[in-house]
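Novice: structure, please.
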Amino acid sequence: MKVKRLHLQNYGRFEDLKIDFAPTAEKAGNITVIVGDNGAGKSQILQALATGLSWFVNGVLDSSGQPTTRTKADNEFLKLPHEGEYIRQSQIKNTKEEVSLKLSFLDVKEEVKSIKVSATRKEVLSPAVYGIDDDGFNSLIEQYTNIFGDNREASLPLIANYTTDRNVEVNSINAGYSYMLNQLSAYKDFLNAGVNYALFFQWFRDNEDIENEQSKNKISKSEKVDELIQSQMRLHDLLLEREHFDDIEYFPNDEVRYLSLAELSAEIEKEKYHYNSLNIRNHWLNEAALKNQLTSLNAIRNAIEYFTNFKNPRIRRQGTPTMIVEKDGEELDVNQLSQGEKSLLALVGDIARRLAILNPSLDNPLEGEGMVMIDEVDLHLHPKWQHDLIDKFVKTFPNVQFVLTTHSPHVISDRPDTLVYALDDGELNQVSNVYGEDVNTVLTKVFDVPIRDPKAQKDFDKVAELIYQKKFESAESYIMKLEKQMPENLELLRCRLHLTQAQLAAKKEG
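Specialist: Model prediction:
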């Protein structure tokens, strides 16, 4: 599945806006970037896109075919609505009565399907009337539910919207839910994903537990199951005998003990807990599933190392469990990292986690499909981490469509196949290729930002004017004054070189 076009009418500040997403006929890549001033409407486009995509996700999850069986606990965890998001009344453009968004897809057969979400409000204080128009959209849903119904390990597309609220602090971890056991858990909070580091942390820990359990290899799974069953049966028999005897001789670990009824019941409950825990995980410990889980874990480790240069990400279980990484040879808790480092690690980890859950049968789950929206992708990131960010997204998640917003010239000049739009006063225009351009050129050409402070530029222009007028002494004095304000300034050095050349040329003429 590919998302092809979003059409907004009277939505927010947009009267009529159409945006095509990469790949297109001109741009073969999967990256679409939107730039523009603060308040231009970049976040509104992502929010509208997420609203439209919510009908796909919830259509798959809650279709009549039921793609998978969910328990009450699963539903409480996922908190999934039965239908997609509607357009809020606040999104209706001022003075307009009707608002709509239309989202078009290419399905698995490369045919166009679309859904239109609309709202009408006749009076300012009256409630809106909502509408849904389906143009082949339900057949798109059916394609995925049928595929998934035939094969419970079939891939599902990733949908995730990362807002600017990317708080990655970890205070506590809920160990009561195994996030690796439910494929649908990858869609939790997909509309406003932020960066749910807690879920990524738990998923990583669950998979490390399996990895550690296998590496110890002290006893086979079948032997352990037999041992627990025999132990449970023995304790059960003893409890029955306890009804006829006051004291029971019990031999745990080859030691003779006399247990009260309460103690014996506690032993049985403990054995039941271990047995049931192992039984629940039994499916995930078969050879194929185990291979997939460990492949996913290694893929995520590699992705984190590739994006951040941190080495050996792992869970430290002493005290309060936390993630540890190695930076410049030093072990650090992730909460000791900078906001930018944490943000990028958690963002990459969360995307990779969701892909791993949704693509259990792929040799490399990071090659799964989907669409990821990231608002202000450069948030908290140093320029040296911005300049190759898109290239890393493409190489790590090659089949995911990304729609990004940014204020960074480094991001949009990263690759030649990136589709870039400039948003200005509600109008969207495609930006010509800026791959390979220097930062100053991109700033002026795309972001309409002067390359230096206007007052400083006026001073440099004054020096150039004095040199042109052959007022060399005045130019020298002006340069000396500026050198006190901006020592070792490269442009000022150019001015002095220009002055020297002009003086030499004047002597030759004289």
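
Novice: show me where pLDDT drops low in the stretch 401-510 of the chain?
Specialist: Flagging of the stretch 401-510 of the chain using pLDDT under 70 yields the residue ranges 510.

Novice: what sits against the nearest residue to residue 7 once chain neighbours are set aside?
Specialist: Of all residues not flanking residue 7 in the chain, residue 102 sits nearest, at 4.3 Å (Cβ to Cβ, 6 or more residues apart in numbering). Where C-beta positions appear, they are placed from N, C-alpha and C, glycine not excepted. Counting by Cβ atoms under 8 Å, 6 or more residues apart in numbering, residue 102 touches 5, 6, 7, 52, 114, 115, 116, 117.

Novice: rerun at 6 Å
Specialist: 7, 114, 116 (Cβ atoms under 6 Å, 6 or more residues apart in numbering).

Novice: for it, give the beta-bridge partners.
Specialist: Per DSSP bridges, the residues bridged to residue 102 are residue 7, residue 116.

Novice: before we move on, what about residue 133?
Specialist: Going by DSSP bridges, residue 133 forms beta bridges with residue 116.

Novice: ok, now residue 129?
Specialist: Residues in beta-bridge contact with residue 129 (DSSP bridges): residue 120.

Novice: surely it touches residue 122?
Specialist: No: assessed by Cβ atoms under 6 Å, residue 129 is found out of contact with residue 122, at 8.3 Å.

Novice: if we can go back for a sec, mind putting the contacts of residue 102 into CSV with distance to residue 300 and neighbour count?
Specialist: Below are the contacts of residue 102 laid out as CSV (distance: Cβ to Cβ, whole Å; neighbours: other Cβ atoms under 10 Å):
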residue, distance to residue 300, neighbour count
7, 36, 20
114, 34, 18
116, 37, 19
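
Novice: in what helix or strand does residue 138 lie?
Specialist: Here residue 138, judged by DSSP states H and E, is contained in helix 137-150.

Novice: the helix or strand just after that helix pairs with which strands?
Specialist: Sequence order places strand 158-162 as the next helix or strand after helix 137-150, per DSSP H and E. Here strand 158-162 is paired, per DSSP bridges, with strand 370-374 (parallel).

Novice: in the helix or strand just after the strand it pairs with, what's buried?
Specialist: Later in the chain than strand 370-374, the nearest helix or strand by DSSP H and E is helix 383-386. Buried residues in helix 383-386, counted by 16 or more other Cβ atoms under 10 Å: 385, 386.

Novice: need the contact partners of helix 383-386.
Specialist: When contacts are defined by Cβ under 6 Å, 6+ apart, helix 383-386 is touched by residues 378, 408, 410, 411.

Novice: going by neighbour count, which of these comes out on top?
Specialist: For the contacts of helix 383-386, the largest neighbour count, defined by other Cβ atoms under 10 Å, is 26 neighbours, found at residue 411.

Novice: rewinding a little: alpha carbons of the helix holding residue 138, in CSV - could you do that?
Specialist: These are the backbone C-alpha positions of helix 137-150, laid out as CSV (Å, rounded to 0.1, in the frame of the first residue of the first chain):
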residue,chain,number,x,y,z
PHE,A,137,-11.7,2.3,0.4
ASN,A,138,-13.5,-0.7,2.0
SER,A,139,-12.1,-3.0,-0.6
LEU,A,140,-8.6,-1.8,0.4
ILE,A,141,-9.5,-2.7,4.0
GLU,A,142,-10.7,-6.1,2.9
GLN,A,143,-7.5,-6.9,1.0
TYR,A,144,-5.5,-6.6,4.2
THR,A,145,-8.0,-8.4,6.5
ASN,A,146,-8.3,-11.2,4.0
ILE,A,147,-4.5,-11.6,3.7
PHE,A,148,-4.1,-11.4,7.5
GLY,A,149,-7.0,-13.8,8.0
ASP,A,150,-5.3,-16.4,5.8
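
Novice: so for that helix, mean pLDDT?
Specialist: In this model, helix 137-150 carries a mean pLDDT of 82.

Novice: for it, packing partners?
Specialist: If contacts are counted by 3 or more Cβ pairs under 6 Å, 6 or more residues apart in numbering; DSSP states H and E, helix 137-150 sits against helix 42-61, strand 112-120.

Novice: what's the most buried one of the ones you listed?
Specialist: Most buried of the helices and strands packed on helix 137-150, by mean neighbour count (mean count of other Cβ atoms under 10 Å): helix 42-61, with a mean of 23.

Novice: now that one against strand 158-162, angle please.
Specialist: On the basis of axes from the mean of the first three to the mean of the last three Cα atoms, to 10 degrees, helix 42-61 is oriented at 150 degrees to strand 158-162.
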